[in-house]
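Colleague: Make a model of this:
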Amino acid sequence: MKLLNKSILIATVALLSVSAYAQEEEPAPTFSVAGTVDTYYRSNEFVPGTSFANDNGFALGMVNTVISYEGEKSGFVADLVFGPRGSDAVFGSPMTRAAGNSSSANIVNQLYVYYNLSDSFTLTMGNFNTFLGYEVISPSANFNYSTSYMFSYGPFSHTGIKADIALSDDVSLMLGVLNTTDNTEFQYAADDYYFGAQLGLFGQYINFLTGGTDSASQIDFTGGIDLGDSFFLGVNATSYTDDVIEFSGFALYPQYTLSDSFAIGARFESFTENGQLGALGDGDNTSFTLTGSFTSGNMMFKPEIRIDSASDKFYTDADGPTDSLAAFIVAAIYSF
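Modeller: Prediction:
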């Protein structure tokens, strides 16, 4: 009897040990809240035709709060924005336009759910930021505080469904069916859907977007390379056409890290517009931006000088039409 009891005890302990080990191995679901708060000073009330950081004097950026839940197979992201930068980011919301820019949809930057069919295949449905371009809406994720022409006139977000497929450790593919660009909540019945695709090759990305009632098409390259332990060079090139307008651009983003708390970076951008996009008119623009980045804990300070030079007098300053503009900006960004 003692031997039997001892055997039962050993078996029970072994079973509990296996169960405990299995529970330890299984990843626990995670819930997180993160985001940024940014504010800035701009020295010039006259601005180029790019997005964000265009208000004179001391001005507000936005509060960006990202709520996310990640389970074993599925999860969600609710990315909410409050403030001028956030309002500009979700300008395409149909409900916002219908409500005279006062809809609650004005705060939704991203809102999507996802399901991992396998370790290499994920389906995502909802509203998510664009896959095109080098720059993003969040100020903490960009090295420069002001934004490029290519970012400003490309898509900001898409609502639809997409599949992300990891073909290998270094090759990925994304395919998506999407509403009209920047339409957050729904698709107008009269509009045509878009098709999007992205091919990732060793950290470099070729992006493609086509569709809509105006037969739009955009191809974009985004990438970069480490040229040393402290030097990174980012690259973005894009070309867009539809029935009315076309634009194209190219930019280099050299960044040099001098210490754990300080880095310096630049943006050299060339941009050409044909049609009435609103950036320039028919013409060319070259912009140079030099940005420093000081980090202390969760706080980041970014002093920046930006110079824009156009092929014609597309801008306006205190003396009237001009072909060049310059501004000094300093931004403070807190991440939590």
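
Colleague: Could you list the low-pLDDT ranges of the protein?
Modeller: In the predicted model, the chain carries pLDDT under 70 at residues 1-27, 92-105, 276-279.

Colleague: Can you show me the helices along it?
Modeller: Under the criterion DSSP state H, the chain contains helices at 2-25, 84-89, 94-98, 149-153.

Colleague: For the second one, name the packing helices and strands.
Modeller: Packed against helix 84-89 by the contact rule (3 or more C-beta pairs under 8 Å, 6 or more residues apart in numbering; DSSP states H and E) you find strand 57-70. (Each C-beta comes from the backbone N, C-alpha and C, glycine too.)

Colleague: Buried ones in the strand it packs on, by neighbour count?
Modeller: Buried residues in strand 57-70, counting neighbours by 16 or more other C-beta atoms under 10 Å, are found at 59, 61-66, 70.

Colleague: Closest one of those residues to Thr36?
Modeller: Asn64 (4.8 Å; C-beta to C-beta).

Colleague: Asn129 is in contact with the closest one, correct?
Modeller: No. Using C-beta atoms under 8 Å, Asn64 is not in contact with Asn129, being 11.5 Å away.

Colleague: who touches both of those two?
Modeller: Common contacts of Asn64 and Asn129 (C-beta atoms under 8 Å, 6 or more residues apart in numbering): 79, 109, 137.

Colleague: could you dump those residues to TSV with distance to Ser217?
Modeller: Shown next, in TSV, are these (distance: C-beta to C-beta, whole Å):
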residue	distance to Ser217
Asp79	28
Asn109	26
Ile137	23
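
Colleague: Give the buried subset of those as a ChimeraX selection command.
Modeller: A single ChimeraX command is used to select the members of these judged buried by 16+ other C-beta under 10 Å:
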select :79,109,137
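
Colleague: Of the shared contacts of Asn64 and Asn129, which is the nearest to Ala189?
Modeller: Asn109 (25.2 Å).

Colleague: what residues are up against that closest one?
Modeller: 64, 79-81, 86, 89-90, 129, 137, 157.

Colleague: In CSV: those, plus distance to Thr147.
Modeller: Compiled in CSV, these are given as follows (distance: C-beta to C-beta, whole Å):
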residue, distance to Thr147
Asn64, 15
Asp79, 18
Leu80, 20
Val81, 15
Gly86, 14
Ala89, 11
Val90, 15
Asn129, 14
Ile137, 9
Ser157, 15
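
Colleague: quick one, what contacts the residue nearest to Phe76 when sequence neighbours are not counted?
Modeller: The shortest distance from Phe76 to any non-neighbouring residue, by C-beta to C-beta, 6 or more residues apart in numbering, is to Val113 (4.6 Å). Contacts for Val113 were tallied using C-beta under 8 Å, 6+ apart; they are 74-76, 124-126.

Colleague: Next, find the distance separating Val113 from Asn127.
Modeller: Counting by C-beta to C-beta, to the nearest Å, the gap from Val113 to Asn127 is 11 Å.

Colleague: And the residue nearest the centre of this protein?
Modeller: By C-alpha atoms, centre = their mean, the chain has its centre lying nearest to Val136, at 2.8 Å.

Colleague: Mind listing the residues bridging to Gly292?
Modeller: Beta bridges link Gly292 to Ile264 when assigned by DSSP bridges.

Colleague: Revised request: answer the last question for Asp220.
Modeller: Beta-bridge partners, per DSSP bridges, of Asp220: Asn207, Thr238.

Colleague: Count the residues that sit near it.
Modeller: 24 (other C-beta atoms under 10 Å).

Colleague: Thank you kindly, that will do.
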